[in-house]
Structures are given as C-alpha cells and as structure tokens.
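> I'd like to go over a predicted model; first the sequence, then the structure.
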Amino acid sequence: MQTHQMQLSADQIVEETSDWPEDAVADLVDRILRAKYGEADPSVDKAWQDETRRRIAEIESGRVQGIPLDETLAKARKITASEGRPTSTGRR
C-alpha cells in the first residue's frame, strides 16, 4: 500500500485550525514542538511548573498585581514595532 503525504502551508494550517478549541490548538502546537525538538528536559519542565505555581500564588494572595492582557499586548506591539520586527499581522 502506498501512502501519500499531503503538504500543507502554514496559512492552510492556520485556516484549518482557526475554529478549533484552544486546548486542541495547544495540543497540536505541543505535538509539533515535540516532534521537531524532542521531549522537554524534565528539570526545565519542572522549573516552569514551579514558577507558574509561584506566580499564581503571588497574584491570588495579592502580593503582586497582574497587568491586563490588553496593556501587555500593546506594550509588546510597541516594542516590536520600534525594533522593526513584524507584528502578528505581518506589519512593521
């Protein structure tokens, strides 16, 4: 039996997955990264889990205040624009 590999462009993949649930997209991205780069170093994975738990605890306890997503994204767009990097829309 002969198998045929279908080549999809990045744009086609984005289009095909645009209405997928977030967890399904996250799973796909995780699978692509693991296929490309292998499994994450368990010590690095654990360090990120610990860091995430620490940050959540700080926010929930009121020790630190989160920054609204819109504000964070606006700052990131401003930084990337000033560095001449394309934004997520492809504009500079």
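Okay, I see it.
> Mind giving me the packing neighbours of the helix or strand residue 11 falls within?
Following DSSP states H and E, the helix or strand that holds residue 11 is helix 10-17. Using 3 or more Cβ pairs under 8 Å, 6 or more residues apart in numbering; DSSP states H and E, the elements in contact with helix 10-17 are helix 22-37. C-betas here are computed from N, CA, C, even on glycine.
> Which neighbouring elements make contact with the helix it packs on?
helix 10-17.
> Contacts for the helix it packs on next, please.
Judged by Cβ atoms under 8 Å, 6 or more residues apart in numbering, the contacts made with helix 10-17 from elsewhere in the structure are 8, 24, 25, 28.
> okay, now the first one: neighbour count?
I take that to be residue 8. By the other Cβ atoms under 10 Å criterion, the neighbourhood of residue 8 contains 11 residues.
> Quick check, pLDDT for the closest residue in space to it that isn't next to it in sequence.
Counting by Cβ to Cβ, 6 or more residues apart in numbering, the nearest residue to residue 8 once its immediate chain neighbours are dropped is residue 16, at 7.4 Å. Note on residue 16: pLDDT of 93.
> now swap in residue 76 and tell me
Reading off the confidence values, residue 76 has pLDDT 94.
> Where does it sit, in terms of helix or strand?
helix 69-82.
> Off-centre distance for the helix holding residue 11?
In this view, helix 10-17 has its centroid 16 Å away from the chain centroid, taken as Cα atoms, centre = their mean, to the nearest Å.
> go on, stretch 11-26?
Distance, stretch centre to chain centre, for stretch 11-26: 13 Å (Cα atoms, centre = their mean).
> same question, stretch 72-85
Remark: stretch 72-85 is offset 17 Å from the chain centroid, using Cα atoms, centre = their mean.
> Ok, stretch 62-80 next?
Centroid displacement of stretch 62-80 relative to its chain, using Cα atoms, centre = their mean, is 16 Å.
> same question, stretch 21-38
Using Cα atoms, centre = their mean, the offset of stretch 21-38 from its chain centre is 10 Å.
> Would you mind checking the average pLDDT for it?
If you average the pLDDT values across stretch 21-38, you get 94.
> residues making contact with that stretch?
When contacts are taken as Cβ under 8 Å, 6+ apart, the neighbours of stretch 21-38 outside the stretch itself are 17, 20, 40.
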